[in-house]
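1. Could you work out the structure for the sequence below:
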Amino acid sequence: MTYSTEDHKALKDTYASRRYFNKFARITEHLTHVAAQRAAEGAFDETDAKVLTRYLSEITHTFRALSMKYLLVGRDTGQHFGSLSMDTVESGFPVFNELLVMANDAQQAEQHLQHMPGTADLKDQMLRAIIGDREVPTKLQFALSQRLYYEELSKGDLFWAQNHPQARWVENLTEGRKRFLVHWAVYDSQINLPTIYLMDVEDSGKTGLPKDERRWPEVQAHLMGQSLGGLKLVTIAKGFDESFDDLHPKRLRRFHVGPMYSSAYTHQTGPIRQVLDVARSPEGADWALAWTLEELNSERVQHQKSGWFSTVEREVFALDPFSGRGVDTGATRTERSIILPQRPYQVLEELNPPGFANVNKYVVSPQGRVLSY
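-> This next block holds a predicted model:
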């Protein structure tokens with residue numbers, strides 16, 4: 001393994017690369033279980049849970065595609081195709097550029113598939129090489145891995161660098177007023193993490209938001225332009241509220257999926273690093289994943305003059321009242337969670353580092369069940 005930059009690692013070893021993707025396949029599966037558990041606890045409603053599960057599934061599909069792309073990394077394939085670059089210090093996830101390249105590859109996936117031998121043909125050639133020529137068909141294995149990569153891309157349902165806003169009707173509130181759930185997601189380029197946004201919006205316009213040919217494109221462009229991890233929720237919500245007089249953001253939530261900590265791959269500092277070092281867990285159980293939810297709620301509505309004879313509604317948002325932290329965080333509340341296997345959790349409880357008393361713990365048992373503590 002070599003470092004491409006001080007903070008990024010290129011996984012050039014076959015074993016290390018496959019172990020990394022196998023680890024993430026398990027982690028992303030556990031994430032969907034956590035979302036289901038949160039729904040069962042009443043933290044999410046059914047619509048929220050469906051939207052979150054969909055994004056988490058798309059993250060799973062993205063990792064599956066990348067695992068196919070880099071399946072033969074470190075082997076002599078006769079082709080130089082690079083290696084996965086991951087953020088070892090901040091996130092434990094692939095770097096942002098990996099998703100940009102993947103999006104470009106997806107645009108040309110069908111063209112590649114048309115000019116590549118089929119899966120059955122490649123497997124047949126591999127068998128002939130193994131049985132007839134008694135050689136390891138590395139180049140054919142590479143060709144098959146690339147075909148499988150483009151097949152995954154052509155299926156879609158992947159988590160991209162930008163996942164544009166969509167709107168789901170929730171209910172009709174009164175005559176001429178509807179409620180929608182607007183959701184979108186990005187892969188934050190500054191911290192290399194998937195970030196998911198959910199916004200409850202009341203629409204007092206004449207045409208329902210997703211069918212409004214004027215407002216909906218403007219809303220989509222506005223929200224994508226504001227989807228920066230460095231922006232506070234209150235900044236995003238106020239900007240939206242002031243830009244659209246007949247759209248009223250009642251609640252805005254932002255989910256940060258990660259960082260992922262692993263004693264085998266990442267170099268983050270802090271209590272979790274110590275926990276993993278002390279736990280000395282076996283392969284597959286030497287990880288922890290953080291999950292953060294920021295939530296901003298409208299506290300009340302005030303009316304402001306608009307022109308000579310009309311007024312518009314403006315939301316007044318509730319900030320966290322404790323110790324003035326809401327002013328710093330720009331949110332009504334922040335909820336932190338961590339998902340980790342049983343052995344690291346036991347060490348976490350024994351060490352009891354400061355700052356973890358109010359963190360939700362989701363523990364993965366050896367049988368794969370997710371338990372809440």
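2. going forward, measure contacts and count neighbours with C-alpha atoms only.
-> Fine.
3. how about the strands of the stretch 1-150 of the chain, start to end?
-> Ranges of strands in the stretch 1-150 of the chain, per DSSP state E, counting those that start in this stretch, are 2-3, 8-11, 84-87.
4. where among the ones you listed is the average confidence lowest?
-> When those are ranked by mean pLDDT, strand 2-3 comes last with a mean of 38.
5. Touching, Leu181 and Asp200? I think so.
-> Yes. Here Leu181 reaches Asp200: they are 4.8 Å apart, a contact under CA atoms under 8 Å.
6. Could you look up the next helix or strand downstream of the longest strand belonging to the chain?
-> Longest strand of the chain, by residue count under DSSP state E: strand 287-306. Downstream of strand 287-306, the first helix or strand assigned by DSSP states H and E is strand 310-318.
7. what does that next one rub up against?
-> 234, 238, 241-242, 245-246, 248-250, 296-306, 331-332 (CA atoms under 8 Å, 6 or more residues apart in numbering).
8. In PyMOL, select just the buried ones from those.
-> Only the buried entries of the contacts of strand 310-318 go into this PyMOL selection, using 16 or more other CA atoms under 10 Å:
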select buried, resi 234+238+241+245+246+248+249+250+296+297+298+331+332
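9. Could I get the phi/psi values of Leu173?
-> Here is the backbone geometry of Leu173 (degrees, to the nearest 10): phi -90, psi -60.
10. swap in the one 4 residues further on?
-> For Arg177, the backbone dihedrals (degrees, to the nearest 10) come out as phi -140, psi 120.
11. I'd guessed it sits against Val201; true?
-> No. The pair Arg177 / Val201 is not scored as a contact, 10.3 Å apart, by CA under 8 Å.
12. out of those two, which sits in the busier spot?
-> Taking other CA atoms under 10 Å, Arg177 and Val201 do not tie; Val201 has more neighbours (23 against 17).
13. Pretty sure that one sits in a strand.
-> Yes. With DSSP: H, G, I helix; E, B strand; the rest coil as the criterion, Val201 is located in a strand.
14. Test of understanding: give the bridge partners of it.
-> In this entry, Val201 is beta-bridged to Phe180, Pro249, by DSSP bridges.
15. From what I see, it and Arg251 are in contact.
-> Yes. Look at Val201 against Arg251 with CA under 8 Å: they come within range, at 7.3 Å.
16. hang on, isn't Trp184 packed against Trp160?
-> No. When contacts are counted by CA under 8 Å, Trp184 is not listed as touching Trp160 (10.9 Å).
17. Common neighbours of those two, please.
-> Counting by CA under 8 Å, 6+ apart, nothing touches both Trp184 and Trp160.
18. Quick check: pLDDT value at the closest residue to Gly118 other than its chain neighbours.
-> Of all residues not flanking Gly118 in the chain, Arg147 sits nearest, at 7.9 Å (CA to CA, 6 or more residues apart in numbering). Arg147 is assigned 94 on the pLDDT scale.
19. ok, Arg147 - contacts?
-> 113, 116, 118-119.
20. what about Thr174, how many neighbours?
-> 9.
21. Next one, pLDDT for it please.
-> Value listed for Thr174 in the pLDDT field: 87.
22. cool, and Lys250?
-> Confidence at Lys250, expressed as pLDDT, is 97.
23. Same question for Ala109.
-> Reported pLDDT for Ala109: 95.
24. Likewise for the one 4 residues further on?
-> Looking at Leu113, its pLDDT is 94.
25. all strands in the stretch 201-350 of the chain, in order from the N-terminus.
-> 247-262, 287-306, 310-318, 333-341.
26. Tell me where the protein is predicted with low confidence.
-> For the chain, the stretches flagged by pLDDT under 70 are 1-9, 74-81, 307, 309, 321-327.
27. can you list the domain ranges for it.
-> Split into domains by automatic domain parsing, the chain comes to 2-155, 162-372.
28. The first one: how far from the chain's middle?
-> Same thing as domain 2-155. Relative to its chain's centre, domain 2-155 lies at 15 Å (CA atoms, centre = their mean, to the nearest Å).
29. Likewise for the longest one?
-> Between the centre of domain 162-372 and the centre of its host chain there is 11 Å, according to CA atoms, centre = their mean.
30. May I have the distance across that domain, first residue to last?
-> 31 Å (CA to CA, to the nearest Å).
31. Stretch 70-87 now?
-> Across stretch 70-87, the terminal residues are separated by 16 Å (CA to CA).
32. With stretch 366-373 instead?
-> First-to-last residue span, stretch 366-373, CA to CA: 16 Å.
33. Figure out how far it is from the centre of its chain.
-> For stretch 366-373, the distance to the chain centre is 21 Å (CA atoms, centre = their mean).
34. Residues in contact with it: which ones?
-> Outside stretch 366-373, the residues touching it (CA under 8 Å, 6+ apart) are 30, 33-34, 341-342, 360-365.
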